[in-house]
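> How does the following fold in three dimensions:
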Amino acid sequence: MVLIYLYDEKQEVEQIPENFLDFKPIIGILFNLETVDNLVMEYTHNNKDYNLLNNETYNNFFLSGTKDSSVFVYSSIEETNYFKNKKEQDSQKEDIKIEEKEAAKIEEKEDAKIEEKEDIKIEEKEEGEEINNENNNKINNDDKEIKIPEITKDMVIASIVRQVKENMQKSRILQQKKQKEEEEERKRKENEKKEKEKGISDQINNLITNRLDNLKEELINESQIKFSQIMSESQINLKNAFEKNNDIVEENSNFIHSLERHPGFSCNNCGIDPIVGNRYCCVYCNNINFCEKCEEKEGLRHGHPLYKLKLRIE
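Numbering: from 1, shown residues only. Just a heads-up that it's a prediction; the model follows:
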């Protein structure tokens with residue numbers, strides 16, 4: 001039978017395989033471990049001599065493994081060295097404590113005996129000598145009967161195993177914390193990348209929008225300038241005609257009156273056809289016209305700028 005120790009846990013194995021590679025998975029199954037490749041193992045047959053258990057020393061362990069043997073499993077070589085040193089230090093501390101206790105007991109006994117000896121000498125010198133001899137014999141017998149308590153290997157191993165378990169738990173916590181920080185850093189970089197791409201897209205859209213607005217303003221300004229030029233030329237021509245020949249004033253008056261009508265254009269609000277008087281046209285929309293009466297209300301609702309036509313343009 002073989003006893004296998006891992007921290008505070010202990011398992012018994014009746015039979016062991018002949019191959020070390022087959023023995024390692026047994027450790028993982030017994031203690032529910034995910035991996036056993038990095039484990040360090042030591043074996044002993046007498047709880048005194050400890051040997052490293054690996055592929056080379058497994059044959060010797062297998063041959064003697066039919067007797068009562070013990071295998072101690074560690075997570076790393078550093079832990080084995082740490083626990084060995086700690087075991088030796090604990091053993092030395094225990095020895096020092098035992099020696100101090102023994103010295104204190106002996107000192108107390110000696111003080112008590114000295115007091116007894118002094119009392120006996122005062123009462124009777126002769127009897128005191130005999131009592132002293134008996135006390136001396138008794139002291140020697142008491143010294144022989146004092147026994148040093150034995151520190152078992154199980155006590156040392158239990159202490160070591162607890163320390164190993166605490167260290168492994170701390171290692172797991174640190175590893176989980178590191179993984180969490182890496183995941184948060186990855187998400188942060190992804191968010192920065194998305195924000196950067198979104199910013200570039202918004203800049204492009206703003207440039208396009210600004211360019212379109214500038215083109216609209218240029219077209220509106222250009223159309224207004226051309227329209228003003230045409231109107232100015234028309235008015236100048238009419239004025240010159242009136243000045244040259246007063247006979248055609250009436251004809252020109254009828255002509256001007258005909259220009260106040262806009263054939264082919266109806267009001268988009270009241271429906272008058274054709275529009276008489278000033279006609280108001282939308283700068284942006286095609287075929288949007290208002291008469292003078294509807295321009296005051298519907299012009300504001302429409303929302304786009306309107307320009308006024310006093311004369312009909314064919």
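
> I'd say Y5 and V71 touch.
Yes - counting by C-beta atoms under 8 Å, Y5 does reach V71; the two are 7.0 Å apart. Placement of C-beta: from N, CA and C, glycine included.

> what about the closest residue to Y5 other than its chain neighbours, which helix or strand?
Across the structure, with C-beta to C-beta, 6 or more residues apart in numbering as the measure, the residue nearest Y5 apart from its sequence neighbours is F72 (5.1 Å). Secondary structure assigned from DSSP states H and E places F72 in strand 69-74.

> can you dump the C-alpha coordinates of that strand into CSV?
This file holds the C-alpha atoms of strand 69-74, laid out as CSV (Å, rounded to 0.1, in the frame of the first residue of the first chain):
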residue,chain,number,x,y,z
SER,A,69,5.6,3.7,1.4
SER,A,70,4.7,7.4,1.3
VAL,A,71,4.8,9.9,-1.6
PHE,A,72,4.8,13.7,-1.0
VAL,A,73,3.6,15.9,-3.9
TYR,A,74,4.8,19.5,-4.3
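
> Name every strand pairing with it and say which way it goes.
strand 2-6 (parallel), strand 40-44 (antiparallel) (DSSP bridges).

> contacting residues around the last one?
So that's strand 40-44. Under the contact criterion C-beta atoms under 8 Å, 6 or more residues apart in numbering, strand 40-44 has outside partners 27, 50-54, 61, 69-77, 79-80.

> quick one: low-confidence parts of the stretch 51-200 of the chain?
Within the stretch 51-200 of the chain, the stretches with pLDDT under 70 are 64-67, 77-91, 121, 125-151, 153.

> returning to that earlier point: just the buried residues of the contacts of strand 40-44.
Buried members of those, scored by 16 or more other C-beta atoms under 10 Å, are 27, 50, 53, 61, 69-75, 79-80.

> can you give me the helices for this structure?
Applying DSSP state H to the chain gives helices spanning 20-31, 58-64, 77-123, 125-145, 153-244, 249-259, 292-302.

> I'd like to know which elements the second one is packed against.
It stands for helix 58-64. strand 51-53 (3 or more C-beta pairs under 8 Å, 6 or more residues apart in numbering; DSSP states H and E).
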